[in-house]
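1. Sequence first, predicted coordinates after that:
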Amino acid sequence: SQTIHQWPATLVQPVGSPLSLECTVEGTSNPNLYWYRQAAGRGLQLLFYSVGIGQISSEVPQNLSASRPQDRQFILSSKKLLLSDSGFYLCAWSFIGEGTEAFFGQGTRLTVV
Amino acid sequence: ILNVEQSPQSLHVQEGDSTNFTCSFPSSNFYALHWYRWETAKSPEALFVMTLNGDEKKKGRISATLNTKEGYSYLYIKGSQPEDSATYLCFSYLGTDKLIFGTGTRLQVFP
């Protein structure tokens, strides 16, 4: 069966520090991968998505970046965190194509202090 | 509509009340519409996937309808219970691979 792992579950980081959130998928190949963020009081915002290794589409210009070094690994990074980066980050995957369910990691609660 | 939108943003109902909310999506290039139930700090839980115009799906007290021609879906909850309190998300694919969520409807059911 397919599973998705996302870590860490919670993170408290000082302003200006780097960030690395990792997401890995098991049990499937060549999935679409997504990073979403929910800021306080807001809905889920698509940050990045990837349809293959090394292929990253950015939806929102900001100080975050994403990478997909392996087929089932998706990493969200920042060189210098801002207070506004605080929020709940969700990784998700779906099969390439349409009409299919998406599966989500457990999420990471990031607090930038 | 160029995005996925949900209304209302929040809803407060009494236990036993029935309620409904809306997801609007681009009707052109429609592929599928998904409804999820999301409790804060947890993974969203799949409720329904709907693909055909006129689709109606039901799971217990929750049901959903789909109108692809006009680009909307309704989610209904009959006889709301406090455990129904959550954010209800819909999403659709915009283009082949871009999975876009609505902002969600936050439902609170008071005993």
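-> On my side now, so go ahead.

2. Pairing partners for residue 24 in the sheet, please.
-> All of this refers to chain A. Per DSSP bridges, the residues bridged to A:T24 are A:H5, A:Q73.

3. Chain B is the one I meant
-> Assigned bridge partners for B:S24, using DSSP bridges, are B:E5, B:Y72.

4. burial measure for it, as a count.
-> By the criterion of other C-beta atoms under 10 Å in any protein chain shown, B:S24 has 19 neighbours. C-beta here means a position set from N, CA and C on the backbone, and glycine is covered the same way.

5. Next one: it relative to B:V13, how far apart?
-> Distance, B:S24 to B:V13, by C-beta to C-beta, to the nearest Å: 21 Å.

6. same thing with A:L47?
-> For A:L47 relative to B:V13 (C-beta to C-beta), the value is 33 Å.

7. which one of those two has more residues nearby?
-> It is A:L47, of A:L47 and B:V13, that has more neighbours when counted by other C-beta under 10 Å, with 20 against 16.

8. what helix or strand does the more buried one sit in?
-> Per DSSP states H and E, A:L47 falls inside strand A:44-52.

9. Quick check: neighbours of the helix or strand following that strand in the sheet, parallel or antiparallel?
-> Scanning forward in sequence from strand A:44-52 by DSSP H and E, the next helix or strand is strand A:55-58. According to DSSP bridges, strand A:55-58 forms sheet pairs with strand A:44-52 (antiparallel).

10. helix/strand/coil for the most centrally placed residue in chain A?
-> In chain A, the centroid-proximal residue (C-alpha atoms, centre = their mean) is A:W35; its distance is 3.0 Å. Secondary structure for A:W35, judged by DSSP: H, G, I helix; E, B strand; the rest coil, is strand.

11. Got the confidence number for it?
-> pLDDT recorded at A:W35 is 93.

12. Could you list which residues are in contact with residue 75?
-> With no chain named, the answer covers chain A. Listed by C-beta atoms under 8 Å, 6 or more residues apart in numbering or on different chains, the contact set of A:I75 reads A:20-23, A:66-69.

13. you looked at the wrong chain, it should be chain B
-> B:20-23, B:35, B:47, B:62-64, B:88, B:90, B:105.

14. Could you measure from A:A9 over to A:G105?
-> 10 Å.

15. ok, those two, which is more surrounded?
-> Just comparing A:A9 and A:G105: by other C-beta under 10 Å the higher neighbour count belongs to A:G105, 24 against 11.

16. count of residues packed around the nearest residue in space to that one that is not next to it in sequence?
-> Using C-beta to C-beta, 6 or more residues apart in numbering or on different chains and skipping the chain neighbours, the partner closest in space to A:G105 is A:Q6 (2.8 Å). A:Q6 has 23 neighbours, counted by other C-beta under 10 Å.

17. and what of the one 5 residues further on?
-> For A:L11, the neighbour count with other C-beta under 10 Å is 17.

18. Near chain A, which residues of chain B are found?
-> B:6, B:31-32, B:34, B:40-44, B:46, B:49, B:51, B:89, B:91, B:93, B:96-104 (C-beta under 8 Å from any C-beta of the partner chain).

19. can you do 7 Å?
-> B:31-32, B:34, B:41, B:43-44, B:46, B:49, B:51, B:89, B:93, B:96-104 (C-beta under 7 Å from any C-beta of the partner chain).

20. List buried members of these by neighbour count.
-> Neighbour counting with 16 or more other C-beta atoms under 10 Å in any protein chain shown marks B:31-32, B:34, B:43-44, B:49, B:89, B:93, B:97, B:99-104 as buried within the residues of chain B next to chain A.
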